[in-house]
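> Quick one: sequence and predicted model below, then my questions.
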Amino acid sequence: MNWWQTDETHDPALTSWVDSANGHVDFPIQNLPLGVFSPADGGARIGVAIGDHILDLAACAEEGLMPQAVAALCGDSTLNRLMSVSPVARADLRKALSVLLSEPAGRKKVEEKLYATRDCMLHLPAAIGDYSDFYVGIHHANNVGRQFRPDNPLLPNYKYVPIGYHGRASSIRPSGVPLVRPSGQRKAPDADSPIYAATARLDYELEMGVWIGAGNELGSPIPIAEAGHHVAGLCLLNDWSARDLQAWEYQPLGPFLSKSFHSSISPWVVTREALAPFRIAQPARPEGDPAPLPYLLDADDQAHGALAIMLEVLISSAEMRAQGRAPFRLSHGPASNMYWTINQIVAHQTANGCNLNPGDLLGTGTISAPTQDGFGSLLELTQGGREPIMLPSGEQRTFLEDGDEVLLRASTSAEGFASIGFGACRAIVLPAR
């Protein structure tokens with residue numbers, strides 16, 4: 001089963017009896033993302049987003065409405081086991097949900113099992129065992145590298161190796177959880193020694209998160225042609241960064257305290273099955289660039305390995321909210337601005353025999369467009385803090401201030417198919433403790 005295969009669940013004419021799921025919304029019936037929620041009167045359980053409601057899958061399973069292969073897993077409080085099932089089992093679940101939420105007979109069976117999203121708490125969708133962050137946004141890599149190495153922004157290995165580092169799983173939080181401004185060592189360029197203080201250069205990073213489904217055994221690499229079968233779905237990811245801490249600590253072993261204090265994700269897993277209509281060809285490499293090594297090269301992946309997703313970053317300062325102003329868009333651009341595909345980063349993560357487990361999370365790294373209106377971080381937008389951004393309130397920003405809220409959004413597009421979204425990935429900056 002090709003994971004870009006479409007079926008009746010993607011029919012753009014399909015509508016739901018849940019009225020809020022019809023129209024230009026993030027969660028129409030063609031999406032059906034999975035997540036973990038708590039209603040006001042109960043504990044954490046698995047649900048599916050439909051419009052502005054959540055369907056309780058545990059309650060559906062108790063009444064025999066879920067496919068047998070996944071029924072027992074729908075009662076879990078995390079998606080780890082459900083992520084690990086076969087693509088066929090996950091597709092069967094999607095088809096069952098599509099019927100229940102579109103047909104009148106389904107309404108009679110499950111309407112009482114719906115909860116208004118506004119009345120629920122959303123959790124991390126999985127117990128994240130491990131988290132790696134990559135650096136596959138080539139325009140971001142060029143923009144950042146140019147600030148430090150104007151004549152040679154990309155290091156020699158960039159076009160051969162999907163660069164990444166191991167992040168901190170324990171500090172990943174769902175959308176809406178505030179982040180506390182981190183402290184650490186930072187050193188001014190003209191100072192003789194560093195100080196320990198709160199970061200003065202707090203930044204966001206616009207990324208996609210890749211949820212791992214079925215894992216692999218230790219010592220057994222995942223072949224590039226099979227990598228897609230190990231992906232359960234995607235989310236939005238904001239890998240908050242303290243740029244002054246990062247500049248001081250990153251040599252020789254890379255980011256540490258500058259990255260480990262907080263990462264925000266959108267709480268819904270948009271499944272690989274939902275994304276099937278939006279697979280597109282991976283952009284061709286510039287002439288003269290090396291071809292990927294054989295373990296990273298697959299013809300089908302090059303033909304279908306990118307995604308037609310439009311990404312967007314907005315900011316809302318405390319003053320803007322006090323004035324009743326809408327969030328201000330900082331940038332927008334396509335997710336196809338990735339030098340390496342999702343399958344390539346999965347294959348490379350395991351190329352040395354590293355084992356992945358269900359619920360592991362991989363970050364793509366910051367995805368920037370070639371032009372300034374699509375830059376994915378303030379480090380790029382402000383040229384390292386040298387060119388402030390003017391907000392509608394009259395305020396200026398080089399980096400984030402306390403009280404600022406950053407919002408990531410994303411939506412798909414493909415001719416002949418209904419657009420789907422990812423929900424919000426947002427967080428407000430609180431003062432350092």
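Noted; the coordinates are in hand.

> Run through the residues that contact the residue most central in space within the chain.
By C-alpha atoms, centre = their mean, the chain has its centre lying nearest to residue 236, at 2.5 Å. With contact taken as C-beta atoms under 8 Å, 6 or more residues apart in numbering, residue 236 is in contact with 207, 208, 209, 265, 266, 311, 408, 409, 410, 422, 423, 425. Just so you know, the C-beta spots here come from the backbone N, C-alpha and C atoms, and that holds for glycine as well.

> Which of the three states applies to it?
Counting by DSSP: H, G, I helix; E, B strand; the rest coil, the backbone at residue 236 sits in strand.

> Against residue 195, how distant is it?
34 Å (C-beta to C-beta, to the nearest Å).

> same thing with residue 223?
Residue 223 is 49 Å from residue 195, by C-beta to C-beta.

> shaky segments in the stretch 151-300 of the chain?
For the stretch 151-300 of the chain, no stretch has pLDDT under 70.

> would you list every one of the strands in it?
For the stretch 151-300 of the chain, the strands defined by DSSP state E, counting those that start in this stretch cover 164-166, 172-174, 179-180, 183-186, 195-198, 202-203, 206-212, 231-238, 241-242, 263-265, 270-271, 279-280.

> who does the third one pair up with?
Each strand that strand 179-180 pairs with, and the sense of that pairing, follows from DSSP bridges: strand 425-430 (parallel).

> now the partner strand against strand 231-238, angle please.
30 degrees (axes from the mean of the first three to the mean of the last three C-alpha atoms, to 10 degrees).

> Give the buried residues for the helix or strand hosting residue 333.
In the assignment (DSSP states H and E), residue 333 maps to strand 328-334. Of all the residues in strand 328-334, those buried under the rule 16 or more other C-beta atoms under 10 Å are 328, 330, 331, 332, 333, 334.

> for these, which one is nearest residue 25?
Comparing these against residue 25 with C-beta to C-beta places residue 332 closest, at 18.8 Å.

> Confirm for me that that closest one is in contact with residue 312.
Yes. Contact criterion C-beta atoms under 8 Å: residue 332 and residue 312 qualify, at 4.3 Å.

> returning to that earlier point: looking only at neighbour counts, state which of residue 223 and residue 195 leads.
Neighbour totals were compared for residue 223 and residue 195, and residue 223 leads with 14 against 10 (other C-beta atoms under 10 Å).

> Spit out the contact partners of the more buried one.
Residue 223 touches 295, 347, counting by C-beta under 8 Å, 6+ apart.

> any idea how far residue 394 is from it?
On the measure of C-beta to C-beta, residue 223 and residue 394 end up 55 Å apart.
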